[in-house]
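Engineer: When you get a sec, could you give me coordinates for this:
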Amino acid sequence: MHTQSLTGREIADHDWSGTSLGPFAGWPQSLRTTLALMLACPRPMFLAWGPDLLCFYNDAYRPILGYRIENSLGRPFREVWGNIWDDIAPLVSATLAGESRTMTDMRLDLRRTGMPEESWWTFAYSPVFDDDGAISGLFCITAETTGRVVAERKSKAADERLQLALSAGNSIGVWDWDVAADRVTADTRFATLYGIDPDRAAEGVPVAEFFGGIHPDDIDRVQGEVDAARASCGRFVSEYRLLHGDGTVHWVSAQGRCVADDQGRCVRFPGVSYDITDRMKADLALRAAKAERDFVVELTARQRVANDPETIIRLSAEALGRRLGAHRVGFYRLLGATQMRHGENWTDGTLPTLAGVQPVGAFGERAERQRRRGKTLVFSDSRHDHGGDLLPYAESGVLAGLCVPLMNEGRWEAGIYLHHAEVRHWTPAEISLAKEVAGMTWLAVERAEALLRLSHRVDQQSAALAEAGTEIRAEADRRVAAESQLRQLQKMDSLGQLTGGIAHDFNNMLAIVIGGLNIAQRRLARGERDVGKFLDGALEGAARAATLTQRLLAFSRQQPLSPEVIDPNKLVAGLAELLTRSLGELVRLETVLAAGLWKAKADPTELENVLVNLAVNARDAMPDGGTLTVETCNTHVDDDYAREAEIAAGQYVQIAVSDTGTGMSPDVLAKAFDPFFTTKAVGRGTGLGLSQVFGFARQSGGHVRVYSEVGHGTTFKLYLPRFWGDEAAAVRRAPAPFRAGRPTEIILVVEDEDRVRNNSVEALRELGYTVLHAASGPEALALIGTGQDVTLLFTDVVMPGMTGRQLADRAMELLPRLKVVFTTGYTRNAVVHNGVLDPGTHLLPKPFGIDQLAAKIAEVLDA
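Structural biologist: Okay, here's the model as predicted:
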């Protein structure tokens, strides 16, 4: 196989197992040999092999396939060339019967671009044989001959025109120009065409005398064409005008050919000229008709966009006047039976405008009678036409005119006129155009007036509706007020449910904390030491309260996030072991991770909490066991979905968590994300888990949607925006082992709440650090200002007077190497913006345990 060619590589890579040939390894040697010969040849070739005549071809044949190149390889020959099959089917049949076929300049419509085309081809079909000597297909060598065929046809047509000219009678003239001697000899017909004395033309005259008869507007062009023909020693073909002495113009077509000497110079220039005046007049008339149609179409378009009748009349009068070169064009309308009122009219300044009211007989009885009958009045000289009945026109300065009456059901109602101050003959084409423009202008005026009447009627109705609308608006305002009051009541009801749920859960947790501490306090007072389980219970209650506050912050989208570039596939894979332990033995975990998954940017810890939360909910929905599937994929959110979900349209990474559990009814599904709503038994859930999921998704710029069917299961789809940057996904590191603090590590604790500050100070001293403390930002800055060295600043964010962020900025100006850890229960945008921690910010949310405090302080100090 000739794998150096593009087609050879495509053949080698093609899947042939589904074809009649089977896998490539089983192909017969005869086919391999034929393919190798074809692929190595530079001429266009193709091979049709096997009972299905499957197509093969070489690189030179690829342009012939055109748009078919994408799917021609290995397809049946008849399917590839279906559009010309009727032309080549007999050739294919004969070749498969053992006969070679050669076609020369065969016309075929290959449609290489998908559109019909005219092309000619010379090709040969030959049978090809398999290893047993039987005919197994056909082989074609082809070449396109379109260029040669077209050139020959053009040459033949030119020769035919020349022969036709020579046999056309007296309108044909023959010349022979001796270029070196500058002497043109010509027959009588040629001399007559060019206005040269026939006797002198027979003897020979300079070529300049013949050029002298050419129209001044054409002479430079014709001279250039003759010079170009002489320079190339080629053919001369041109059409131009001859201006005779009596002022008449004749069109001629001239054709000649240079005759060269041994050095390739033009020495003779014979040719013919024949009269084409009639044809050119017809062609010019056709062009004039087309220009007239273009004028009418353009004027119609301008009339359609105008809504004012006077504007329509004005633009139509000006357009018609300029088109026909009239001196004045205007419009009038009858007022009763005896008077007419002139409307808008246009003048080039030769004649004054007409305005006001005028008797209908102002221009004579004949003019009035003609127009009342609906007949166009045409005159070229008002002083003499129609037996002098039009003298009133001449007395007003109008010598020639066109007056088109406009009728309505046989009654003369209006008209359009064209006036000229000089004697003028109106051509039939000009009269026809004036009538056409008059009719279409009248229709446009009537349309505009109808629209004005309709607009007036609409205005009247609008005024009537406005009065009725006042009462409707008043009623609408009352309804809006009632609806607003209802929404306020609903808000208060929802707020009552929310605060009631928070109070219920916090009371339960505080009961555990207070009860455990009271028992421990009483036993310690009696000298008993066995109080660990009560302290553990109190700590557990406090931890559950902290978790509840974090979920409330997540639901309200106030939880500070630390987004990182993540690989969702790796995150899901890393959670698999934890999820398996959380699901238990009855639930089977499946992960379906998409290849080529995009990166996303989100807080990985909170995303893991969300996935674990969804997995635990799914486990509880499958009490008898089932399958939990976590699936990732790339997805595109279109404009409609984006508007519904209130997110930006574009590309997202989707993480779907599906179970085969009990599913949710429509009522439950509608309230799934409501805070404190739960279907679990009392004590088994806070009802904030899905609210936290929803808050995290929105705070991360994404969305979450749930699909459920009772008895079949539930799917939660989490959408996170695609990350477009080049930043690599962050590597999740295992938490560093606990280490004690060092006396040389000095920590300054700043907290305005005394008990919280004392608790933090004692905890840090317990961990082994040297600890200083202050109750406010200014007090801390004063301590640093004394020269006190500080390794790390541990400060609350929300403090009166000076915030923790302001303190940190001032302190780092004094101690550039100072490290900072913020702590807060609610950020108020001091170190968090749009729910995301400022870059490089370290935050330990309240409440925290001593282990969390130790880990965060060690992490920042060791960074």
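Engineer: show me the contacts for I88.
Structural biologist: By CB atoms under 8 Å, 6 or more residues apart in numbering, the residues touching I88 are W81, L108. Placement of C-beta: from N, CA and C, glycine included.
Engineer: secondary structure element for it?
Structural biologist: Element membership for I88 (DSSP states H and E) is helix 85-96.
Engineer: starting at the chain centroid, how far to that helix?
Structural biologist: Averaging C-alpha positions (CA atoms, centre = their mean, to the nearest Å) puts helix 85-96 46 Å from its chain's average.
Engineer: now that helix: mean pLDDT?
Structural biologist: Per-region confidence: helix 85-96 scores 93 on mean pLDDT.
Engineer: Mind listing residues that contact stretch 439-451?
Structural biologist: 296, 299-300, 303-304, 306-309, 312-313, 316, 331, 406, 414, 416.
Engineer: go with 7 Å
Structural biologist: T300, Q303, A306, N307, D308, P309, I312, I313, S316, L406, A414, I416 (CB atoms under 7 Å, 6 or more residues apart in numbering).
Engineer: Kindly export it (C-alpha atoms) in CSV.
Structural biologist: Provided in CSV are the C-alpha atoms of stretch 439-451 (Å, rounded to 0.1, in the frame of the first residue of the first chain):
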residue,chain,number,x,y,z
GLY,A,439,-51.9,56.0,-11.7
MET,A,440,-49.5,54.7,-9.0
THR,A,441,-49.3,58.2,-7.4
TRP,A,442,-53.0,58.5,-7.2
LEU,A,443,-53.2,55.0,-5.5
ALA,A,444,-50.5,56.0,-3.1
VAL,A,445,-52.3,59.3,-2.2
GLU,A,446,-55.5,57.5,-1.6
ARG,A,447,-53.8,54.9,0.6
ALA,A,448,-52.1,57.7,2.6
GLU,A,449,-55.4,59.6,3.0
ALA,A,450,-57.2,56.3,4.1
LEU,A,451,-54.5,55.8,6.7
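Engineer: can you pull the buried residues of it?
Structural biologist: M440, T441, W442, A444, V445, R447, A448 (16 or more other CB atoms under 10 Å).
Engineer: so how far is the helix or strand hosting R9 off the chain centroid?
Structural biologist: Per DSSP H and E: R9 is located in helix 6-13. Mean C-alpha position of helix 6-13 versus that of the full chain (CA atoms, centre = their mean) differs by 36 Å.
Engineer: Show me which residues of it are buried.
Structural biologist: By 16+ other CB under 10 Å, the buried positions in helix 6-13 come out as T7, G8, E10, I11.
Engineer: circling back to that earlier point, quick check, nearest of the buried residues of stretch 439-451 to G397?
Structural biologist: Proximity of the buried residues of stretch 439-451 to G397, judged by CB to CB, is greatest for T441, which lies at 24.4 Å.
Engineer: part of a strand, is that closest one?
Structural biologist: No. Counting by DSSP: H, G, I helix; E, B strand; the rest coil, T441 is located in no strand; its state is helix.
Engineer: farthest pair in the buried residues of helix 6-13?
Structural biologist: G8 and E10, at 7.3 Å, using CB to CB across the buried residues of helix 6-13.
Engineer: Helices along the stretch 251-400 of the chain, start to end?
Structural biologist: Ranges of helices in the stretch 251-400 of the chain, per DSSP state H, counting those that start in this stretch, are 277-305, 309-324, 365-372, 391-395.
Engineer: who does the helix or strand just after the last one touch, helix- and strand-wise?
Structural biologist: Looking back up the chat, that one is helix 391-395. Using DSSP H and E, the next helix or strand after helix 391-395 towards the C-terminus is strand 400-408. Here strand 400-408 touches helix 365-372, strand 377-379, strand 411-420, helix 428-525, going by 3 or more CB pairs under 7 Å, 6 or more residues apart in numbering; DSSP states H and E.
Engineer: re the thing from before, tell me the mean pLDDT for the helix holding R9?
Structural biologist: 89.
Engineer: Settle this for me: R235 is touching R257, isn't it.
Structural biologist: Yes. Using CB atoms under 7 Å, R235 is in contact with R257, at 5.2 Å.
Engineer: Could I have the CA atoms of stretch 743-752 written out in PDB?
Structural biologist: Extracted in PDB, the C-alpha atoms of stretch 743-752 (Å, rounded to 0.1, in the frame of the first residue of the first chain):
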ATOM      1  CA  PRO A 743       7.500  30.100  72.500                       C
ATOM      2  CA  THR A 744       9.300  32.100  69.700                       C
ATOM      3  CA  GLU A 745       6.000  32.200  67.700                       C
ATOM      4  CA  ILE A 746       4.200  35.300  69.100                       C
ATOM      5  CA  ILE A 747       0.500  35.600  68.300                       C
ATOM      6  CA  LEU A 748      -1.400  38.800  68.900                       C
ATOM      7  CA  VAL A 749      -5.200  38.100  69.500                       C
ATOM      8  CA  VAL A 750      -7.500  41.100  68.800                       C
ATOM      9  CA  GLU A 751     -11.200  40.600  69.800                       C
ATOM     10  CA  ASP A 752     -13.700  43.000  71.200                       C
END
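Engineer: can you list the buried residues of helix 6-13 in a markdown table and add distance to A525?
Structural biologist: As requested, these are arranged in a markdown table below (distance: CB to CB, whole Å):
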| residue | distance to A525 |
| --- | --- |
| T7 | 96 |
| G8 | 96 |
| E10 | 91 |
| I11 | 94 |
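Engineer: Let me know the closest of those residues to L391.
Structural biologist: So of those, ranked by how close each gets to L391 (CB to CB), first place is T7, at 90.2 Å.
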